[in-house]
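[1] model the following, please.
(chains A and B)
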Amino acid sequence: MGGRLGGFGPALPLGLAYAAFFVAPLLMLFVVSFYTDEKMTEFGLDQWRRFLLDAFHWKVVGDTLMLGLKAVAATVVLGLPLALVYRAAPPFWQRALLFVAVMPLLTSVVVRTFAWIVILGREGVVNKIVLGLGLAADPLRLLQTELGLVISLTQIEMPLLLLPLLAVMSRIDPNLMDASASLGASPWRTLFRVILPLVAPGLAAGCLLVFASATTAFISQSVIGGGRLVYLPAMIWQQAMVVSNWPFAATVAVTLLLSVSAVIAVIAYAGRVAGGRIHG
Amino acid sequence: MARRHSAGELSYYLVIGALATLALVILVGPVLVVLATSLTDSRTIRFPPQGFSFRWYELLLDPVRSRQIHRAAENTIWVAAMAAGLATVLGTAAALAISRAGGRLGRSLDAFFMAPLVLPGLAFGLAALMYFTILGFRPSLELLILGHFIVVTPFLLRTVGASLTQLDPALLDASASLGAGRTMTFRRVTLPLIAPGIAAGAFLAFMASVDNVPVSLFLSSARTDMLPIRMWGMMESTLDVRVAAVSGTLIVVAFVLMLVMERLTGLTRRMRG
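    Down below sits the predicted model:
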């Protein structure tokens, strides 16, 4: 060995650990999805046929990816303005905002999910306000709806968007804003023509993390979404742990893996293209 | 210089200001709601809470009636400490190798080691369950440690990698020209300089393991219960007010730890990357 590869010596233990406990299990998942029967004795395409030939399964795949995209859209609509305020804020407020952005990340996902049950429930905060103001006669049904789930995921996943976004925001040269304004551009034009292209890589990195996390957020999906909204994670859990049909569970898991990876690749590519127009 | 604010400027500040305020309310509000709910005196979870008491925290501390929760918390802390420890040692070594090698090979190795962060955790959780079961292992804390170790390692690579890029190569040259060997330079120069990055990464890895659901969902069992899974069970069945008390405890502990780590390592700046 020696030479160039010799420098990778210290990475070898982690590489071996990943090979044994990350790559090998994922390969096993692919293999298991090609067993025909639950006893796992014979290979065949039966599970894949069963999955792909049922329109309901396609709907679940679509719903899962849409849920991720809705969570991405909602976090961007709220998170981007917060990041713009962060960019213009004095140093003390920047640190405070950063702390607020990171804090939810360190309070467990289960805790955050629980918070939204209290807020969105029949006797929850939102209904107290809506009924108190006389905006509706009956309590709104927010738990066990997709709207409630998207609202919850917006808070649960927003820190993942904010971290990379705030990083690129703080690196923007303030002179560029001044130049844009003095050339007569409105703040909106400056936002879309100067700031957005500059933060595109960070924005894409954040969107990618939000999408990956929202589509696999089993507990939030099942507790807030309830049993009537079916997404791929619930199907995987149901098939693996309740029905004990491992080959079918593996088929659904591989589908989740491939479909999420495909969308992530598109988001990453879009970020590179949007960023590339400026950075050359 | 007095400038008239045009309609465009006004609408910009109104819209951005309103959305940013809403974002802050959504980020912070739920945390405060949970803390308030956990101090209720009533038997049901509702907001605003009825009365004020620490009765649910007292029940939570009761060693007999909350035994299962205590067991789950112990398991969770043990698994998180071991997984973060493993990730710290192997992750730091790998980050050093990647930064030393650089180039295309270094970048692809980095992308490979970061993969668990974006791949669906649930698919990996199921894969790990099948893999270990087919190899003949029974559910145990050791398997949970291995599974968690894989998903928390990216945090180390990110924070240690960031500290290494800020390391001035002139310092290493100076150390070498003063006659220090590679080991000596590493122990006396490199390690002290990247120590805050390692500490921040180890802390984030620990917290991520405490928080982990996708891997624990498949690898934990009745004997090796984990806190998030137990809380999920409590939420799905009775909606016991103790869920609020556990949540309140976790929020306060995370808040205090974060303040400490912020002082010691400048944590938030490191997370921002």
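[2] next SSE downstream of the helix or strand where residue B:22 lies?
    Per DSSP states H and E, residue B:22 falls inside helix B:7-38. Going down the chain from helix B:7-38, the next helix or strand is helix B:55-61, by DSSP H and E.
[3] state the mean pLDDT of whatever helix or strand comes next after that next one.
    Counting by DSSP H and E, the next helix or strand C-terminal to helix B:55-61 is helix B:67-101. Averaged across helix B:67-101, pLDDT comes to 93.
[4] tell me what helix B:67-101 is packed against?
    Counting contacts by 3 or more Cβ pairs under 8 Å, 6 or more residues apart in numbering or on different chains; DSSP states H and E, helix B:67-101 is packed against helix A:12-18, helix B:103-114, helix B:141-165, helix B:191-211, helix B:227-236. In short, each C-beta sits where N, CA and C put it, glycine included.
[5] what's in contact with the first one?
    In this case it means helix A:12-18. A:8, B:90, B:91, B:93, B:94, B:109, B:112, B:113, B:149, B:150, B:153 (Cβ atoms under 8 Å, 6 or more residues apart in numbering or on different chains).
[6] flag the shaky bits of the chain, pLDDT-wise.
    By default, I'm working from chain A. A:1-7, A:276-280 (pLDDT under 70).
[7] think we crossed wires, I meant chain B
    Counting by pLDDT under 70, the ranges of chain B that qualify are B:1-5, B:239, B:272-273.
[8] I figured residue A:264 was touching residue B:118, is that so?
    Yes: using Cβ atoms under 8 Å, residue A:264 is in contact with residue B:118, at 5.9 Å.
[9] okay, and the common contacts of the two?
    With contacts defined as Cβ under 8 Å, 6+ apart, the residues shared by residue A:264 and residue B:118 are A:208, A:212.
[10] didn't residue A:246 look like it was pressed against residue A:240?
    Yes: using Cβ under 8 Å, residue A:246 is in contact with residue A:240, at 6.4 Å.
[11] dump stretch A:250-264 to CSV, restricted to CA.
    Presented in CSV, the C-alpha positions along stretch A:250-264 are these (Å, rounded to 0.1, in the frame of the first residue of the first chain):
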residue,chain,number,x,y,z
ALA,A,250,-38.2,-4.8,2.7
THR,A,251,-39.9,-4.0,-0.6
VAL,A,252,-41.6,-1.0,0.8
ALA,A,253,-38.4,0.2,2.6
VAL,A,254,-36.4,-0.1,-0.7
THR,A,255,-39.1,1.9,-2.4
LEU,A,256,-38.9,4.6,0.3
LEU,A,257,-35.1,4.6,0.0
LEU,A,258,-35.1,4.9,-3.8
SER,A,259,-37.9,7.5,-4.1
VAL,A,260,-36.5,9.7,-1.3
SER,A,261,-33.0,9.5,-2.8
ALA,A,262,-34.3,10.4,-6.3
VAL,A,263,-36.0,13.6,-5.0
ILE,A,264,-32.9,14.5,-2.9
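[12] report the buried residues of that stretch.
    A:250-257, A:259-261, A:263-264 (16 or more other Cβ atoms under 10 Å in any protein chain shown).
[13] out of these, list just those in strands.
    In strands, judged by DSSP state E, none of the buried residues of stretch A:250-264 are found.
[14] just the ones in helices from these, please.
    Counting by DSSP state H, the buried residues of stretch A:250-264 place A:250-257, A:259-261, A:263-264 in helices.
[15] near chain A, anything from stretch B:26-38?
    Yes: shown here: stretch B:26-38 in contact with chain A (Cβ under 8 Å from any Cβ of the partner chain) through B:26, B:27, B:28, B:29, B:30, B:31, B:33, B:34, B:37.
[16] tell me the one of the residues you listed nearest residue B:232?
    Nearest to residue B:232, judged by Cβ to Cβ, of these is residue B:34 at 15.5 Å.
[17] of the buried residues of stretch A:250-264, list those near chain B.
    Within these, those near chain B by Cβ under 8 Å from any Cβ are A:250, A:253, A:254, A:256, A:257, A:260, A:261, A:264.
[18] can I assume the second one is in contact with residue B:129?
    Which is residue A:253. No: checked against Cβ under 8 Å, the pair residue A:253 and residue B:129 is beyond contact range at 10.4 Å.
[19] if I look at residue A:107, how far off is residue B:255?
    8 Å (Cβ to Cβ, to the nearest Å).
[20] so for the two, which sits in the more crowded spot?
    Per other Cβ atoms under 10 Å in any protein chain shown, whichever of residue A:107 and residue B:255 has more neighbours is residue A:107, with 24 against 16.
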